[in-house]
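Asks: Build me a structure from this.
(2 chains)
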2 protein chains.
Amino acid sequence: MTSDSDPPGPDFSLDHVGREGLMASPGTELVTHDGTGRVELSFTVEDAGGAPPTQRSVRVPPGVTVFDSASWNGIAIDSTCGGHGTCHKCKVRVDTATPISRHDVRTFSRDQLDAGWRLACLVQATRDLKVEVPPLTTRPKAATVGVGRQVILRPAVQKRYVELAEPDLSDQRTDIDRLLAAIDDLAPQPDLHALRRLPQVLRAADWKVTAVVVDEVLVDVEPGDTTAQRYAIAFDLGTTTVVATLLDVALGTPVGVASMLNRQQPYGGDVITRISATMLDPEALPRLQQAAAATLAELAAQVCREGGVDPQHVYEVAIAGNATMTALVLGIDPEPLGVAPFVMSTAQPPTMLASDVGLELHPRARAVFFPALGAYVGGDIVAGMLATGMDRDKRTRLFIDVGTNCELVVSDGDRILSTAAPAGPAFEGGAIRCGMRAADGAIEVIKLGSTPEDAVQLGVIGDVEPKGLCGSGLVDAVAELVRVGLLDASGRFVPDEQAPEVAPALADRLTRIGEERVFVLHRPHAGAMPEECVVLSQRDVRELQFAKAAISTGWTLLLEELGLEHRDVQQVLMAGSFGSYISPASAVRIGLVPKLPVLRIVSAGNVAGEGAKMALLSVRERAGAAALLQEVTYVELSDRPDFNDRFVDQLAF
Amino acid sequence: MTSDSDPPGPDFSLDHVGREGLMASPGTELVTHDGTGRVELSFTVEDAGGAPPTQRSVRVPPGVTVFDSASWNGIAIDSTCGGHGTCHKCKVRVDTATPISRHDVRTFSRDQLDAGWRLACLVQATRDLKVEVPPLTTRPKAATVGVGRQVILRPAVQKRYVELAEPDLSDQRTDIDRLLAAIDDLAPQPDLHALRRLPQVLRAADWKVTAVVVDEVLVDVEPGDTTAQRYAIAFDLGTTTVVATLLDVALGTPVGVASMLNRQQPYGGDVITRISATMLDPEALPRLQQAAAATLAELAAQVCREGGVDPQHVYEVAIAGNATMTALVLGIDPEPLGVAPFVMSTAQPPTMLASDVGLELHPRARAVFFPALGAYVGGDIVAGMLATGMDRDKRTRLFIDVGTNCELVVSDGDRILSTAAPAGPAFEGGAIRCGMRAADGAIEVIKLGSTPEDAVQLGVIGDVEPKGLCGSGLVDAVAELVRVGLLDASGRFVPDEQAPEVAPALADRLTRIGEERVFVLHRPHAGAMPEECVVLSQRDVRELQFAKAAISTGWTLLLEELGLEHRDVQQVLMAGSFGSYISPASAVRIGLVPKLPVLRIVSAGNVAGEGAKMALLSVRERAGAAALLQEVTYVELSDRPDFNDRFVDQLAF
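Replies: Numbers count the residues shown, from 1 in each chain, chains lettered A, B, ... in the order given. The predicted structure is shown next:
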């Protein structure tokens, strides 16, 4: 198994090759890279149908293999091992100065080597390179996930059905060598569990078995042909809501989805209160860990039931959560995340067993976590960047995940900057007089009109009697009141005497509760007292003002870092459970996002969950997420002297 | 941690480099190796004291690094990381065509590279090579273990005490990055256990901690400086006896030794009866596994007590056992080992946690098993080959581990052959009329004289009244009786009437029990009946004859395979608990070993335990053991048509 002819995959995985670095002959110029900047690969892709070849140029971080560079950009190169140097199929032609690996020597003739033929998964892009890709012999399966991302299926979970020759005295190979020789396009390391099962299963199944490989590890041998049962679960581990998607990784299709409130809720609605809980009570950390694990386990059971899938056939899970959720589910003390200087234990949790986070799936199922850029730009955002292709798109884009902690990412197609803005609880209904979570009865859309008939039109979740106001409703309310003029630019309600002339159909809704001025959005019955109504109060407006000022200060500073103006932004991605529901028009009107045509503002949805799916469907995409740690610069705002001045500038609507 | 500048060690471990293979620049001849044969490295070692440089030539399997080749042969090259490409200290000068790695680029100037300077741990010996080794800047610690083997200390268990700078807003590195940056001569992968402890321990210990690294994995951080507590346990997991040695791997010295009978004894005295037990009773395997684990755990506790060592400070164990003992302690069904074609689940168990074999040491302590060459040449023999340097010694040597299953290894200094011979239970006292294990009361030495006074001199274990005959006594008895002529070459006692003239002082001891002729070795009292005496029976002689015939047939066939005569053998190593006690002279006389001067026959002692110690003291030696799988050819005797004829030829004394 560690023989010369079967190099285990890990040695050829992206991050290995990335680290292994440049080999060069004496003669050629020696260049090393610090991991920043990009190199340009010009692909000439020949068409199987005989159509003229297509040209594609892509820019990738130095050290990435040609194979990965292609995969990341949707350029398919033949491969059955997924780029681990074992299947010897990913043949490309590059310039002849490119180093030759032992596997090249095995694969190509001397003439072919001299002509520049190499295995793409072993060639690193250490400098600009021209790459000829021959026509595909097989059309790779692909799936569309994330925000229109086309992902070539290369799941870490692989199965191979084999029928082995029985051993005899002339062939005394060990069981594992016999099995591995039969799946030589992979080269996994067997784990103890698989080795324990191997002798019985092989003989009981008459030497007809299915090898189960997860990320270079042989985790099991199953009797007969089980290749059709290949599943994984993607988790979006949110502070409020946790979503699980059961995937058939062989087909790239979801077979079950479930979501529920994070069982950590009783310990507090946001990360800070949960961190505080662990600081006050030494027993809180294990309890929070257990609560998170229980949430994941319940969802896993639910999606398996829903999809009619035996949990024993789920071999991998991917978990995207913010830094605090990740620390808590792993049982890592989150206290340092809660106090300056906001330090994580690690940016990249190691790959572990799913059972380490309390999941009862296949006993050797793996759990992979997304890396975090910082204490407040966590794995959920990295997953979101993967799903939205923040590192692949040449456009200037702004990514906003709206929430108590609002994460911001700006890319100009080359550099990527990220930061976090403390927006406060306004969007989650906290500190808002009639605020509530986006649930039945929450007003999520508001339109104000000029006639008594269309004076106030409300969109209510569940089409029931309005009970309160959720984040998107709050933004709509303020935006509309600014539009009709009942709120001035400073965020103050206009004086009572002005109201009738400004908005005759709405003036009567402007009233008071005690000393505070409020605008009545919904009256349960004629003659109801303001206290009984769903209202927007002056204080609510202030809350939202502070939130949007924090956010807009954040992206303003990031744009300045890149030397860009608001108008340079070509697309704004509104992500997260709140961001996705905020009306682009209202977001623009209150200045939550740059003043741009609304068509440029896109609701991206639950991008963290989409990123988690991508990581399960493609080891290449997973490697891309890890690469983001090198590519993205985290900008700390809290220590910027000019932050407060800028914040005040941003308060006005 | 996965940044360009810190390649994790594993990428540079021996077997990685071995697999990574030859890189060459266009223009240089491309050679690949099938892993057989050897390449020759000529070392010129400069002396720190200014003495003239010394020359050494060594031959190693292709693909091994220059660093390993030197270490294996006791040639010290500067290194703090132990050859993992991280410390950049192992500078040597080779020819300029040698490929340049990124680490070379980091380490050397352009001129130095052109002059052939490289890091020895990244240069593979893919062809004959001249190597200049500069004077040592530090004198490496070494220990003498095995059969006079000088081992340079490079334990897999490493500790580093560090005092870290506290983080602030200008330095928000994660805890793990901060720690790893401070121990940059190592580049371990942190495990979950370490990451869980990291935040608390760092802050509680005021950022003064000791990093604990085992074989490329950061397993823990301990408050304060614990570098002096670095322990490991070497186990010789025998079918009959289990021996544990607690090692201080920092000093290379044993601090405690203990041994006990394998708790599996109740299931049978030899491997076959234990395998049968698992075939008859499905509950037997878990019970045997538990019994083995309990044996290891009891011995571990005992040596820790004896050495005054906290088990939490034991971070690694090495286990050398035959294929069956290894399978049983791992809970792997041994049935295929017991029936033709004698197939193992795996030749090399994966590295696992010590807790996987029931040991309660440091929670993340590792357990490493020796690889096996075949079902009947197991990890204990590989460990023995390591301890005796079978693969390093240029002499022609024969290694014999005497027992129910007798393992044989022959090396001519280049090729190494190995096989197993079924010797039967004679050496363990089984099927011998007065046979017993080598315990108090066992006759272990026998000399026959010509006068009534010195007629029969007995060496008895424990200097007590003789109770029976152990393996070495049996061999002595037969050898002496052959010498004095009471046994003829065919193994028959001479006729009663001949006895007096052949050996007057002994004739009266030749008598009968029932029909069977016996020789009285010890009479408890005058006039005791033969049944009451310790005797050697005609059947006993036959048992030993069959055992020695099987063994000598084995090594005869191996020598023939190498085209060697008996007299070509320069050294015979008698290993194992039986072999070590057999008198060389007697072994020669009965033909158990080739007819050689007795000085060439060496009792090697418990070489399996010694090999296990070496694996714990040096990752290089451990890699050497793994390399033996490639280097040694296993010869199956049971299917050789001529085996029986050869066997009969060997029956005579």
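
Asks: Spell out which parts of the stretch 101-250 of chain A neighbour chain B.
Replies: For the stretch 101-250 of chain A, the residues in contact with chain B (CB under 8 Å from any CB of the partner chain) are A:101-103, A:105-106, A:110, A:113-114, A:167-177, A:189-192, A:195-196, A:198-200, A:203. The C-beta positions use only the backbone N, C-alpha and C, and glycine is treated the same way.

Asks: Can you say which of those are buried?
Replies: Using 16 or more other CB atoms under 10 Å in any protein chain shown as the burial test, these include A:101-103, A:105, A:113, A:167, A:172-177, A:189-192, A:195-196, A:198-200 as buried.

Asks: now, which of those residues lie within strands?
Replies: Counted as lying in strands by DSSP state E, out of these, are A:Gln189, A:Pro190.

Asks: A:Ala70 sits in which helix or strand?
Replies: Here A:Ala70, judged by DSSP states H and E, is contained in helix A:66-72.

Asks: quick one: A:Glu610 from A:Val257, how far?
Replies: 12 Å (CB to CB, to the nearest Å).

Asks: what's the helix holding A:Ala70 packed up against?
Replies: On a contact count with 3 or more CB pairs under 8 Å, 6 or more residues apart in numbering or on different chains; DSSP states H and E, helix A:66-72 meets strand A:39-45, strand A:54-60, strand A:129-133, helix A:619-631.

Asks: May I see these arranged in a markdown table, with mean pLDDT, distance to A:Ile183 and mean neighbour count as well?
Replies: As requested, the helices and strands packed on helix A:66-72 are arranged in a markdown table below (pLDDT from 0 to 100; distance: least, CB to CB, whole Å; neighbours: other CB atoms under 10 Å in any protein chain shown):
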| stretch | mean pLDDT | distance to A:Ile183 | mean neighbour count |
| --- | --- | --- | --- |
| strand A:39-45 | 88 | 29 | 18 |
| strand A:54-60 | 82 | 30 | 16 |
| strand A:129-133 | 92 | 26 | 20 |
| helix A:619-631 | 91 | 17 | 22 |
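
Asks: so which of these gets nearest B:Phe369?
Replies: helix A:619-631 (29.8 Å; CB to CB).

Asks: Tell me the first helix or strand C-terminal of the closest one.
Replies: Note on helix A:619-631: by DSSP H and E, the next helix or strand toward the C-terminus is strand A:632-634.

Asks: List the neighbouring strands of that following strand plus their orientation.
Replies: strand A:416-422 (parallel) (DSSP bridges).

Asks: out of A:Glu610 and A:Val257, which sits in the busier spot?
Replies: Using other CB atoms under 10 Å in any protein chain shown, the more surrounded residue of A:Glu610 and A:Val257 is A:Glu610, with 25 against 17.

Asks: Please list all residues in contact with that one.
Replies: By CB atoms under 8 Å, 6 or more residues apart in numbering or on different chains, the residues touching A:Glu610 are A:Val145, A:Gly146, A:Val147, A:Arg149, A:Ala383, A:Gly384, A:Ala387.

Asks: Nearest to A:Cys304, out of the helices and strands packed on helix A:66-72?
Replies: If you check each of the helices and strands packed on helix A:66-72 against A:Cys304 by CB to CB, helix A:619-631 wins as the nearest, at 22.7 Å.

Asks: what about the residue of the stretch 451-600 of chain A found nearest chain B, which SS state?
Replies: Taking CB to the nearest CB, chain B has its nearest neighbour within the stretch 451-600 of chain A at A:Leu557, 15.7 Å off. A:Leu557 falls in the helix class when you classify it by DSSP: H, G, I helix; E, B strand; the rest coil.

Asks: residues near it, how many?
Replies: Counted by other CB under 10 Å, the residues lying close to A:Leu557 total 20.

Asks: So it is in contact with A:Arg640, correct?
Replies: Yes - if you go by CB atoms under 8 Å, A:Leu557 and A:Arg640 touch, sitting 7.2 Å apart.

Asks: A:Ala340: what's its closest spatial neighbour, skipping adjacent residues?
Replies: B:Leu169 (6.3 Å; CB to CB, 6 or more residues apart in numbering or on different chains).

Asks: which residues touch that neighbour?
Replies: B:Leu169 is in contact with A:Ala340, A:Pro341, A:Glu636, A:Ser638, A:Asp639, counting by CB under 8 Å, 6+ apart.
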